[in-house]
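I need the structure of the sequence given here:
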Amino acid sequence: MRSRSSRETLDTRILVCGDDLLSVSLDDIRACQELADRLRDSGDWLESVAGIDSVMVQFDSATIDIDLATKRLDEELRQAPDAPDTEPELAEVPICYGGEFGPDLGDICEQLDLTRDEFVALHVGREYRVDMLGFTPGFAYVGGLDDALNVPRRKQPRVRVEAGSVGIADGRSGIYALAGPGGWPLIGRTPLKLFDASEADPFRLHAGMRIRFQPVDRDEFDTIVETIAQS
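Numbers count the residues shown, from 1 in each chain. As a prediction, this is how the structure comes out:
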């Protein structure tokens with residue numbers, strides 16, 4: 001049985017979420033990603049998954065109890081290195097807006113009382129950050145969307161959304177690394193290959209990465225696709 005006094009000395013950011021799950025609340029996506037990677041690389045935990053402001057950690061409850069797991073995680077937090085001063089990597093992501101690639105863009109512009117050019121200018125006019133990956137493998141939740149572009153998810157999800165599609169919903173942009181079902185209103189598509197199984201790291205985008213969107217027309221889109229295919 002856990003005593004109150006024994007837990008008062010532990011990091012209050014650690015929460016018990018189940019018989020074999022702990023959660024750590026952090027205030028920075030980079031800190032979340034770095035902690036999750038460090039715990040995963042240590043081999044002492046079954047899994048560690050970074051979210052936007054927390055890390056979920058799974059341990060083997062048949063080997064250690066909840067108190068020992070909490071204590072070990074507390075020690076990991078106390079030994080955590082200071083956050084690096086360097087800026088995270090910046091990725092330029094070209095997007096061909098509207099048309100067959102962004103079938104919801106017209107409705108979004110009408111809903112927001114914006115012209116297509118005004119919408120694109122707002123969407124490419126700032127730097128973003130990948131808050132996390134999830135939903136499907138490699139799907140990037142990109143934070144920092146202008147408040148003027150805030151729209152809800154589609155009431156009826158699509159059965160298939162093509163890889164590279166870019167949507168917006170609830171204050172974020174979402175980028176599909178793989179084809180599959182999805183409910184984000186689609187504004188365009190990037191010609192970049194976001195998933196490559198032949199690479200040691202198959203995903204092009206990662207949590208914490210900075211992003212700038214760059215508008216391209218259909219000819220430029222096709223040229224980038226051809227260049228990637230030939231490389």
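
And the strands in this protein, which stretches?
Using DSSP state E, the strands found in the chain span residues 14-18, 21-25, 47-50, 54-58, 90-97, 128-133, 140-143, 158-161, 165-169, 172-175, 180-182, 186-189, 210-215.

what residues are up against residue 73?
By CB atoms under 8 Å, 6 or more residues apart in numbering, the contact list for residue 73 reads 11, 14, 22, 24, 57. For every residue, glycine as well, the C-beta is placed using N, CA and C.

Would you mind listing the residues in contact with the third one?
By that I understand residue 22. Per CB under 8 Å, 6+ apart, neighbours of residue 22: 14-16, 56-57, 59, 66, 69-70, 73.

Switch these over to a markdown table; also include pLDDT.
Below are the contacts of residue 22 laid out as a markdown table (pLDDT from 0 to 100):
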| residue | pLDDT |
| --- | --- |
| 14 | 91 |
| 15 | 91 |
| 16 | 92 |
| 56 | 92 |
| 57 | 94 |
| 59 | 94 |
| 66 | 91 |
| 69 | 93 |
| 70 | 92 |
| 73 | 92 |
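
Nearest to residue 34 among these?
Set against residue 34, the nearest of the contacts of residue 22 by CB to CB is residue 57 (13.7 Å).

ok, what's across the strand from the closest one?
Beta-bridge partners for residue 57, by DSSP bridges, are residue 22, residue 48.

tell me, how many neighbours does it end up with?
27 (other CB atoms under 10 Å).

Against residue 138, how distant is it?
22 Å (CB to CB, to the nearest Å).

do the same with residue 154
21 Å.

Next, count neighbours for the nearest residue to residue 150 once chain neighbours are set aside.
Spatial nearest neighbour of residue 150, excluding adjacent residues (CB to CB, 6 or more residues apart in numbering): residue 171 at 5.6 Å. For residue 171, the neighbour count with other CB under 10 Å is 13.

ditto for residue 47
Residues near residue 47, counting by other CB under 10 Å: 13.

quick revisit: how about the contacts of residue 73 in a markdown table, adding distance to residue 181?
Formatted as a markdown table, the contacts of residue 73 follow (distance: CB to CB, whole Å):
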| residue | distance to residue 181 |
| --- | --- |
| 11 | 39 |
| 14 | 35 |
| 22 | 32 |
| 24 | 31 |
| 57 | 29 |
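
Kindly indicate which of those lies nearest residue 90.
residue 24 (27.4 Å).

OK, contacts around the closest residue to the closest one other than its chain neighbours?
Counting by CB to CB, 6+ apart, the nearest residue to residue 24 once its immediate chain neighbours are dropped is residue 55, at 4.7 Å. Contact analysis of residue 55 by CB under 8 Å, 6+ apart lists 23-24, 26, 32, 35-36, 39, 48-49.
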